[in-house]
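[1] My questions concern the predicted model and sequence given below.
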Amino acid sequence: MAMVSLACANCGFELTAPVAAPPLAVQCPLCSKQTELDFFPALLRETARGTSGEALLIDSESSCFYHEGKKAVVVCDHCGRFLCGLCDVEFNGRHVCPGCVETADGNGDPAPLQREVVYYDELALSVAIYPILIFYLIPITAPIVLYLVIRYWNKIRPLVPRSRWRFVVAGLVATLELGLIGLAIFGFMALR
């Protein structure tokens, strides 16, 4: 029978108890405190052995993003990184790398593992430039652009890093638009 070793919650004395069907009551011989143990069923189950990943033998084969010496067997469905058998995490029928699992929501929400990526820098630049054609929208869109620039400046970027020039241009255009609106209002008030 398998034995489990644990410390008494009261005095810290090391106890050994047989792994049996729960619940199991153990009394500490040092402080006589009664402790009830409840084991998870997985503790009693035999675990399956994992794969260690195949070694990369030919230079023309793709290697794992995380392990250079391991052969890639699958591609991450979220970010596109090549993964060996060791790094492959199956999540809702999809293959995901450890980096994408790490950035997922802690509540088990698969939403962060969606394939679509929102480029907030392109969105901010578009919202800043398009209202120039329809000028009466500028008082509404310029503050939105400044919010997008400030809010998403440090947003996690995709696998291939992008520069922030779109954010800078969008912020400058929105600031210029707001300045021109302020000048127009000041000039209109001065003429009255």
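    Received it, and whenever you're ready, just let me know what you need.

[2] Every contact and neighbour count from this point should use C-alpha atoms.
    Will do.

[3] Beyond the one helix or strand in the chain whose mean pLDDT sits lowest, next helix or strand please.
    Lowest on mean pLDDT, DSSP states H and E among the helices and strands of the chain sits helix 41-44, with a mean of 56. Next in sequence after helix 41-44, counting helices and strands by DSSP states H and E, comes strand 74-75.

[4] Compute the mean per-residue pLDDT across the helix or strand following that next one, please.
    Proceeding N to C from strand 74-75, the next assigned helix or strand is strand 82-83, under DSSP H and E. Throughout strand 82-83, pLDDT has a mean value of 89.

[5] do the same with stretch 15-29
    72.

[6] Can you get me a residue count around C11?
    For C11, the count of nearby residues is 12 (other Cα atoms under 10 Å).

[7] roughly how far apart are it and G99?
    Separation of C11 from G99 (Cα to Cα, to the nearest Å): 41 Å.

[8] can you check E177 too?
    Taking Cα to Cα, one finds E177 at 40 Å from G99.

[9] With neighbour numbers in mind, choose between the two.
    Set E177 next to G99 and count neighbours by other Cα under 10 Å: E177 wins out with 22 against 13.

[10] Give me the distance between L57 and C64.
    For L57, the distance to C64 - Cα to Cα - is 13 Å.

[11] which neighbours do those two share?
    Applying Cα atoms under 8 Å, 6 or more residues apart in numbering, one finds that L57 and C64 are jointly contacted by K71.

[12] quick one: which of those two has more around it?
    C64 (24 against 11).

[13] Break the chain into its domains for me.
    Domain assignment for the chain by automatic domain parsing gives 3-44, 48-116, 120-191.

[14] Please tell me how far the longest one is from the chain's geometric centre.
    Relative to the mean C-alpha coordinate of its chain, domain 120-191 is positioned 28 Å out (Cα atoms, centre = their mean, to the nearest Å).

[15] please begin residue numbering at 38 from this point
    Happy to do that; since the first residue is 38 now, the last one works out to domain 157-228.

[16] In this model C121 seems to touch C134, though I could be wrong.
    No. Look at C134 against C121 with Cα atoms under 8 Å: they stay out of range, at 9.5 Å.

[17] all strands in the protein, in order from the N-terminus.
    40-44, 51-55, 61-64, 71-74, 111-112, 119-120, 126-128, 131-133 (DSSP state E).

[18] Turn these into CSV, including mean neighbour count and distance to I169.
    Below are the strands of the chain laid out as CSV (neighbours: other Cα atoms under 10 Å; distance: least, Cα to Cα, whole Å):
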stretch, mean neighbour count, distance to I169
strand 40-44, 11, 70
strand 51-55, 14, 74
strand 61-64, 14, 74
strand 71-74, 14, 70
strand 111-112, 19, 43
strand 119-120, 24, 43
strand 126-128, 14, 45
strand 131-133, 19, 42
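
[19] a markdown table for those, including distance to A221?
    Formatted as a markdown table, the strands of the chain follow (distance: least, Cα to Cα, whole Å):
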| stretch | distance to A221 |
| --- | --- |
| strand 40-44 | 76 |
| strand 51-55 | 80 |
| strand 61-64 | 80 |
| strand 71-74 | 76 |
| strand 111-112 | 55 |
| strand 119-120 | 55 |
| strand 126-128 | 56 |
| strand 131-133 | 53 |
